[in-house]
Structure formats: structure tokens, C-alpha cells
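> heads up, no residue letters with this:
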């Protein structure tokens with residue numbers, strides 16, 4: 001039944017453009033007949049309808065050409081026989097009776113995709129391109145990488161006949177066109193409705209294909225590597241997203257980059273082994289989107305457990321063994337695709353500190369700006385402490401929460417007439433004060449930054465103990481008389497750090 005539904009879906013895809021033009025021709029013939037027999041409103045209506053249908057057919061034809069725009073960028077890996085990655089891909093393609101890709105591109109993230117530049121919505125094949133992410137090579141073993149490669153290559157194997165291969169190509173092509181179409185255009189809306197019908201009809205066969213591809217991976221690479229690869233992929237995507245958003249982008253904005261982006265990613269994975277182990281233990285029960293043919297992860301893992309295991313041993317070698325041969329491609333990925341060409345390269349420890357502190361420095365600057373508006377002149381942490389000692393926390397909280405307040409009202413040094421701050425404003429000023437204390441501690445040398453993969457940042461002492469900045473903030477807010485004590489403690493610690 002799944003094959004029949006897929007065949008109907010492919011027939012509908014093949015008939016979309018010819019059917020649209022045929023409909024336009026039939027309506028035009030009817031218009032011509034009405035003009036020949038009795039010209040009038042009926043003939044004009046048929047003519048207008050034929051023009052509308054012809055325009056829609058033309059727009060649909062133009063839209064469908066977008067399927068050849070395979071998304072993504074990468075560095076082309078030349079297909080030389082001495083490149084280990086090319087050799088492995090060709091060997092695995094032969095094991096599943098699949099044609100090897102025509103091109104391999106190296107991309108940054110933890111992704112591996114085999115796409116095809118098809119025509120006529122996937123019904124006509126084209127050149128194949130395999131995208132391999134450097135982050136995968138950092139985070140996977142060779143056995144896990146082989147398992148994912150086999151899974152992708154099995155989608156293009158004709159062992160189960162030609163229909164599943166064409167169906168897989170067609171689904172990818174339809175999704176590419178959907179991604180390129182506009183919801184506001186009439187042609188895009190029509191295609192979305194049509195594509196929804198096609199993908200729904202084809203879904204059972206694609207779902208079966210995904211399970212069959214998992215079975216192929218088990219036959220070639222073994223059950224252990226296949227199971228671990230499925231779990232590891234979701235972990236690597238989570239950690240990579242955190243790495244880019246919380247480390248790479250803030251530091252790049254400040255003009256810095258790590259000496260080796262992917263060595264930094266490796267260090268992040270090693271530093272937070274416990275957190276990633278907890279992520280591996282969580283199996284999502286979330287149902288995939290309606291257009292995603294992948295079964296839920298629990299179902300896939302259960303099917304893998306039922307499959308006949310391979311006799312091949314588990315390959316625990318790190319997939320990073322392929323990186324030395326990709327050194328030039330890695331540099332181009334870092335400079336061109338990640339946009340780090342004009343950044344200052346620094347060691348990982350310094351880079352991590354820069355990225356970690358950027359957000360906290362922005363929060364400290366927000367607090368100093370509020371103090372500057374309150375005092376009428378540029379302010380630092382010393383001036384903020386003076387305001388706290390004067391009991392002007394309310395004014396500071398109100399100004400910190402509203403960047404426009406205090407710019408034209410009030411006299412420098414005099415209290416502003418502001419309403420009592422809300423709990424949200426007080427929570428904001430506490431956070432800004434904590435950031436200012438932490439930044440001051442790190443800049444003075446008495447602390448350094450430490451952060452988890454999830455993005456939480458702490459200032460820790462030389463002994464690795466987190467500084468009690470939140471407790472200090474609570475103390476000076478609750479009792480302004482303690483401000484001098486806090487100020488003196490910070491100064492003494494700073495002098496001691498300089499002596500060391």
C-alpha cells in the first residue's frame with residue numbers, strides 16, 4: 001500500500017506543470033470557441049480565465065526551478081584517491097550498492113547530508129553532493145561516522161527497487177521548493193497545498209525507508225555504532241549551537257577568534273563530559289514535524305535493537321583522525337564560512353574568557369550608564385558604590401530599567417523624584433551589580449571566568465571557588481553601611497592578586 005501511495009504521489013508531481021499548461025490550453029480553446037460562436041461576456045470571461053491559469057502555470061514553472069538551488073555552502077574536497085575521507089565514502093557506497101557522490105563539501109556544523117541537484121521535482125536525477133561537518137569529525141568515532149554515512153547512502157540504493165529512490169529524491173526536491181517559496185504569493189500558496197497532499201501520500205514509504213536505512217547501517221557497522229551515532233548527533237547539535245551562539249559570536253563581535261575553532265569545540269566537549277553524558281541519556285519522545293519522515297527516536301532505537309547485528313567490530317578510533325588531511329579546507333571554513341578571517345586569533349583559554357565576559361561587560365556598562373545619568377558625569381563601579389552608600393538604589397534601579405529616563409530631568413548630585421522601583425526593576429539592578437562585581441574581579445586579576453556548555457558564566461577564584469558576587473550584592477543593597485567594607489575587600493584582593 002505504501003508503494004501505491006508513493007506512486008500516486010509521484011504521478012501527481014509529474015502532472016503538476018504539464019497539467020497546469022494543459023488546463024490553460026483547454027480554457028484558451030474554450031475561449032476561442034465562444035469568441036467564434038457568440039462574442040460577449042462569456043467569451044471574455046473564458047479568455048480572462050485562460051490568461052490567469054497560464055500566468056499561474058508560468059509562475060509555478062519558475063518556482064519549481066528553485067529545486068536546483070541546493071542550500072548551504074562548503075569547501076569542495078577534491079576527489080583524490082589519497083584523501084582518506086573519499087576512500088571511505090566510496091567503499092561504503094559499494095557495500096550498499098549506491099552510486100558514490102559526485103562531490104564532497106566540508107561544512108562547519110555537526111551535519112551530514114547527501115543531496116541531489118534534481119530536475120522536475122526529483123523525477124530526473126542529477127549530480128549528488130555530500131556535505132560533511134567538521135564538528136562531526138570532532139565529536140564522533142570512526143564507527144559512528146561510518147554508520148551515518150551508510151544511512152545516507154542507503155537512501156540512494158536500488159536494492160529495494162527504483163521507486164524508493166525516486167520517492168526520496170522527490171521529497172527532498174519538494175521540501176527545497178517549499179523552503180524557497182513565499183507564503184504571500186498565490187503560486188507559492190497553491191504549491192504548498194499541492195505539496196502537502198503529495199508529502200502525505202508519500203510519507204509511509206519514506207518512513208519505511210528511514211528504518212531500512214538504519215537496518216543497512218546495522219548490517220555494515222553494527223548495532224552499537226548505529227545506536228550511539230543516533231544519540232550522539234542530537235548531543236553534538238545542541239553543544240554546537242551553544243558553542244556558536246555563546247562563544248564564537250560574542251568573541252567575534254569583540255574582534256577575536258580561537259586559533260583553532262574545532263579544537264575549541266573538542267575542548268568544550270571534554271570539559272563538559274558530565275553534561276553531555278546526561279544529554280545522551282535523554283531520549284526525546286517528541287513527534288517529528290508532519291513533513292519529516294523520520295520516525296521518533298525511541299521507535300528507531302527499538303528497530304535497531306531488533307535488527308540482526310553485524311559481525312564487524314566496533315571502531316572506537318576518533319573521527320578526528322581525518323582532520324590532518326583537511327587542514328586547508330578547515331582554514332577556509334573558519335575564515336570564509338564562519339566569517340573569522342579578519343579576527344585576532346587567540347589561544348582557547350583567552351578566547352573563552354573573552355566570549356564569556358562580553359555579555360557581562362554589556363550589563364556592567366548598562367549599570368554605569370544609569371549611574372552616569374544619575375550623577376551627570378561618566379561613572380565607574382566606584383561611583384556606583386558611592387550611590388549605593390548614599391541609599392540611592394531606587395533611583396539607580398529606575399534609571400537602569402529605562403534607558404531614556406534621567407537624560408533631561410534632575411540635577412547632578414540631587415535625588416530624582418522617581419517612583420519606588422518594581423520587583424522586576426530591583427531584580428534587574430541586582431543582576432547588573434553582580435555582573436559589574438564579576439567583571440571588576442576578573443579585570444583586577446583576583447578571578448577568572450568559568451562557564452558551562454549551557455552558557456552560565458561564573459567568576460571563580462584561583463582555587464576554583466565561585467566568587468560570592470550575588471551575596472555581596474544582596475549585602476550592599478540590604479545595608480548601605482557595608483559598602484565601604486565591600487570596597488575595601490575588593491581593593492585588598494586586587495592588590496594581593498598583583499603581588500602574586
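Right, received. Where do you want to start? Keep in mind that this is a model prediction, so the values were computed, not measured.
> Can you pull out the low-pLDDT segments for the stretch 1-150 of the chain?
For the stretch 1-150 of the chain, the stretches flagged by pLDDT under 70 are 39, 67-68, 70-72.
> can you give me the strands in it?
75-77, 103-107, 112-116, 128-133 (DSSP state E, counting those that start in this stretch).
> can you check the chain too?
Using DSSP state E, the strands of the chain run over residues 75-77, 103-107, 112-116, 128-133, 256-258, 344-346, 448-451, 457-460.
> Could you give the backbone dihedrals for residue 479?
Per-residue torsions, residue 479: phi -140, psi 90 (degrees, to the nearest 10).
> Starting from residue 220, give me the distance back to residue 257.
Look at residue 257 and residue 220: by C-beta to C-beta, to the nearest Å, they are 38 Å apart. From N, CA and C alone the C-beta is placed, and that goes for glycine too.
> Which among the strands of the chain is found nearest to residue 180?
Set against residue 180 and scored by C-beta to C-beta, the strands of the chain come closest in strand 112-116, at 14.0 Å.
> coming back round to it: packed most tightly, which of the strands of the stretch 1-150 of the chain would that be?
strand 128-133 (a mean of 23; mean count of other C-beta atoms under 10 Å).
> That strand pairs with which strands?
If you go by DSSP bridges, strand 128-133 pairs up with strand 103-107 (parallel), strand 112-116 (antiparallel).
> would a markdown table of the ones you listed with distance to residue 357 be doable?
Shown next, in a markdown table, are the strands paired with strand 128-133 (distance: least, C-beta to C-beta, whole Å):
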| stretch | distance to residue 357 |
| --- | --- |
| strand 103-107 | 29 |
| strand 112-116 | 34 |
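> quick one, which of the ones you listed is nearest to residue 332?
strand 103-107 (8.2 Å).
> For residue 224, the count of nearby residues, please.
By other C-beta atoms under 10 Å, 19 other residues sit near residue 224.
> Nearest spatial neighbour of it, chain-adjacent residues omitted?
residue 314 (5.0 Å; C-beta to C-beta, 6 or more residues apart in numbering).
> coming back round to it: okay, residue 257 and residue 220: which has more neighbours?
residue 257 (25 against 22).
> my guess is the more buried one contacts residue 347, does it?
No. Counting by C-beta atoms under 8 Å, residue 257 sits too far from residue 347 to count as a contact (11.2 Å).
> So which of the strands of the stretch 1-150 of the chain is nearest residue 294?
strand 112-116 (13.3 Å).
> Please name the nearest non-neighbouring residue to residue 194.
Nearest one to residue 194, counting by C-beta to C-beta, 6+ apart, is residue 16 at 6.4 Å.
> In contact with the one you found, which residues?
The neighbours of residue 16, taking C-beta atoms under 8 Å, 6 or more residues apart in numbering as the test, are 60, 64, 121, 194.
> Redo those as a markdown table? Include neighbour count and distance to residue 458.
Formatted as a markdown table, these follow (neighbours: other C-beta atoms under 10 Å; distance: C-beta to C-beta, whole Å):
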| residue | neighbour count | distance to residue 458 |
| --- | --- | --- |
| 60 | 22 | 56 |
| 64 | 23 | 53 |
| 121 | 25 | 53 |
| 194 | 15 | 53 |
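> Now, the residues you listed that are in helices?
Members of the contacts of residue 16 lying in helices (criterion: DSSP state H): 60, 64, 194.
> Now for the closest residue to the first one other than its chain neighbours, how many residues are close by?
In space, not counting the residues next to it along the chain, residue 60 is nearest to residue 187; the distance is 5.3 Å by C-beta to C-beta, 6+ apart. Using other C-beta under 10 Å, residue 187 has 20 other residues around it.
> still on that earlier bit, can you give me the distance of the residue nearest to residue 224 to residue 84?
From residue 314 to residue 84 the distance is 19 Å (C-beta to C-beta).
> And the residue nearest the centre of the chain, how close does it get to residue 81?
Nearest to the geometric centre of the chain sits residue 241, at 5.3 Å (C-alpha atoms, centre = their mean). Going from residue 241 to residue 81 by C-beta to C-beta gives 36 Å.
> So which residues of the stretch 101-250 of the chain form helices?
Secondary structure of the stretch 101-250 of the chain, counting by DSSP state H, counting those that start in this stretch: helices at 134-139, 142-154, 162-180, 186-221, 223-243, 249-253.
> now the longest one: mean pLDDT?
It stands for helix 186-221. In this model, helix 186-221 carries a mean pLDDT of 91.
> Next up, the contacts around the closest residue to residue 104 other than its chain neighbours.
Take residue 104 and drop its neighbours on the chain: the residue closest to it by C-beta to C-beta, 6+ apart is residue 77, 4.3 Å away. Counting by C-beta under 8 Å, 6+ apart, residue 77 makes contact with 83, 85, 86, 104, 105, 106, 326, 329.
> Next, give phi and psi for residue 183.
phi -70, psi -20.
> Distance to residue 486 for the strands of the chain - can I get that in CSV?
Formatted as CSV, these follow (distance: least, C-beta to C-beta, whole Å):
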stretch, distance to residue 486
strand 75-77, 53
strand 103-107, 50
strand 112-116, 53
strand 128-133, 48
strand 256-258, 32
strand 344-346, 32
strand 448-451, 20
strand 457-460, 15
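> Which pLDDT value goes with residue 258?
So residue 258 comes in at 89 (pLDDT).
> Would you map the helices across the stretch 401-500 of the chain?
So, for the stretch 401-500 of the chain - with DSSP H, counting those that start in this stretch - the helices run 423-443, 469-478, 483-499.
> Domain map for this protein?
75-345, 347-499 (automatic domain parsing).
> Would you reformat those as CSV and include distance to residue 37?
What follows is the domains of the chain, written out as CSV (distance: least, C-beta to C-beta, whole Å):
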stretch, distance to residue 37
domain 75-345, 31
domain 347-499, 73
